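Colleague: structure for this input, please:
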Amino acid sequence: MDLATQLVTIVGVLVGALSTYVASYLVERGKDRRGLALRWDERKLDTYVSYVAHVRDVIYAAVLLFESREGLRTIDKTIDQLTLGLIDAERSRALLFEQLVLLGGAEVVDAGHELNRAVLAIDWRARELTDEDLPGWRALHVRAFQLINEFHNAARSDLGVRGELAADHSGLTLNLPSARQDS
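Modeller: Next up is the predicted model:
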């Protein structure tokens, strides 16, 4: 074999080794990026689910306080205890919203801000910082649940989940005992 043939063979082996190394490096880097993206998506999902759960905790605490004040429900807690429970729930929701702002996409954060405003309106009414009659109270809840649905859709989009919620649940009324629905 002459020198030129040997050089071509050596260059071919070197190019093959280099291309194998580059291909392996790119595949591993892609796997690392996909793994990191998956971990961030898992953190986002956990944050989104926790945030909505905390929103619902605030709404539930507000309902207990409102119904107790209005004489619609008898609860083994004082108004002060119920108010403190609502304040604690709101504080937890606000702290979790900060995590959502750090992890969420722009649409999710915007939807969260809108939902926060609706939940605060419920909180303020329950603590008698604003005045709403029972139909107004119900309207606050309908709006909050519409915004929860909008938040869900924004979160689904941010996580790459195809489609939107199959049904619009925002038209549902509050679940009240039948004897009190019209009062």
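Colleague: so for the helix or strand containing residue 8, what's the average pLDDT?
Modeller: Using DSSP states H and E, residue 8 maps to helix 3-70. Mean pLDDT, helix 3-70: 83.
Colleague: output the contacting helices and strands for the helix or strand harbouring residue 154.
Modeller: Taking DSSP H and E as the definition, residue 154 sits inside helix 134-158. Secondary-structure packing of helix 134-158 (3 or more C-beta pairs under 8 Å, 6 or more residues apart in numbering; DSSP states H and E): helix 3-70, helix 106-126. Yep, even glycine has a C-beta here, placed from its N, CA and C like the rest.
Colleague: which of those helices is buried the deepest?
Modeller: With neighbours defined as mean count of other C-beta atoms under 10 Å, the helices and strands packed on helix 134-158 peak in mean count at helix 106-126, which reaches a mean of 20.
Colleague: now do it and helix 3-70, the angle between them.
Modeller: Here helix 106-126 runs at an angle of 10 degrees relative to helix 3-70 (axes from the mean of the first three to the mean of the last three C-alpha atoms, to 10 degrees).
Colleague: ok now helix 106-126, how far from the chain's centre?
Modeller: 12 Å (C-alpha atoms, centre = their mean, to the nearest Å).
Colleague: any idea how far stretch 128-148 is from the middle of the chain?
Modeller: Using C-alpha atoms, centre = their mean, the offset of stretch 128-148 from its chain centre is 21 Å.
Colleague: would you mark the buried spots in that stretch?
Modeller: Going by neighbour count (16 or more other C-beta atoms under 10 Å), the buried part of stretch 128-148 is 132, 134, 137, 140, 141, 143, 144, 145, 146, 147, 148.
Colleague: which residues does the last one contact?
Modeller: By C-beta atoms under 8 Å, 6 or more residues apart in numbering, the contact list for residue 148 reads 52, 55, 115.
Colleague: of these, which is the nearest to residue 28?
Modeller: residue 52 (36.5 Å; C-beta to C-beta).
Colleague: for the buried residues of stretch 128-148, please prepare JSON lines with the additional fields distance to residue 10.
Modeller: Shown next, in JSON lines, are those (distance: C-beta to C-beta, whole Å):
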{"residue": "132", "distance to residue 10": "84"}
{"residue": "134", "distance to residue 10": "88"}
{"residue": "137", "distance to residue 10": "83"}
{"residue": "140", "distance to residue 10": "78"}
{"residue": "141", "distance to residue 10": "77"}
{"residue": "143", "distance to residue 10": "74"}
{"residue": "144", "distance to residue 10": "72"}
{"residue": "145", "distance to residue 10": "71"}
{"residue": "146", "distance to residue 10": "70"}
{"residue": "147", "distance to residue 10": "68"}
{"residue": "148", "distance to residue 10": "67"}
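Colleague: out of those residues, which one sits closest to residue 27?
Modeller: residue 148 (41.2 Å).
Colleague: how far away is the residue nearest the centre of the chain from residue 141?
Modeller: Nearest to the geometric centre of the chain sits residue 48, at 2.4 Å (C-alpha atoms, centre = their mean). In this view, residue 48 and residue 141 are 21 Å apart by C-beta to C-beta, to the nearest Å.
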